[in-house]
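**Student:** give me a model of this one.
(one chain, ligands or ions: 1)
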Amino acid sequence: MTEEKKVIEIGPDKPAPLHLPPGSIIWRWTEEMKGGGGLVIVMPCHEDQIIVTDHDTTDATAVCLFCHNTYDLTILDENDGGYGARFVVAHRQFILSLKTGKPRKRAPK
Ligand SMILES: [Zn+2]
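**Tutor:** Okay, here's the model as predicted:
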């Protein structure tokens, strides 16, 4: 019998461990983008990774390009002029596209 890791919730001022079980919640503050027009949010797993989003986005899948951790991200209007970010650990499989030198033909039917 394997021991499952316990789902935890981490506040916005606390560092988050790199490996958390799915469903774990990490809260982060957001910053207004310089010059306005969007939000900057630091990734929970790597503080040198950020995401930038507009004010209209409320739900998205966030992927850390460094470690490939995936999160269900919810951006919450705190009604005080600021926004909070809730990351829920997803461990979702994904495949990123790659740029090719020239367009490729589809496989024949
Ligand atoms: Zn990461």
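
**Student:** residue 29: neighbouring residues, count only.
**Tutor:** As a burial measure, residue 29 scores 15 neighbours (other CB atoms under 10 Å). C-beta: built from backbone N, CA, C; applies to glycine.

**Student:** thinking it is in contact with residue 85, fair?
**Tutor:** Yes - using CB atoms under 8 Å, residue 29 is in contact with residue 85, at 7.3 Å.

**Student:** write out the residues of the protein neighbouring the ion.
**Tutor:** Contact residues (CB under 5 Å from the ion) of the chain with the ion: 45, 46, 64, 66, 67, 69.

**Student:** show the pLDDT at residue 103.
**Tutor:** Here the pLDDT value assigned to residue 103 is 86.

**Student:** from the chain's centre, how far out does stretch 101-109 sit?
**Tutor:** Taking CA atoms, centre = their mean, to the nearest Å, one finds stretch 101-109 lying 32 Å from the centre of the chain it belongs to.

**Student:** sorry, that was for stretch 69-84
**Tutor:** Centroid separation for stretch 69-84 versus its chain: 11 Å, with CA atoms, centre = their mean.

**Student:** next: stretch 34-47.
**Tutor:** 10 Å.

**Student:** what's the closest non-adjacent residue to residue 77?
**Tutor:** Of all residues not flanking residue 77 in the chain, residue 83 sits nearest, at 5.8 Å (CB to CB, 6 or more residues apart in numbering).

**Student:** tell me which residues touch that neighbour, please.
**Tutor:** Contact analysis of residue 83 by CB atoms under 8 Å, 6 or more residues apart in numbering lists 30, 39, 55, 75, 76, 77.
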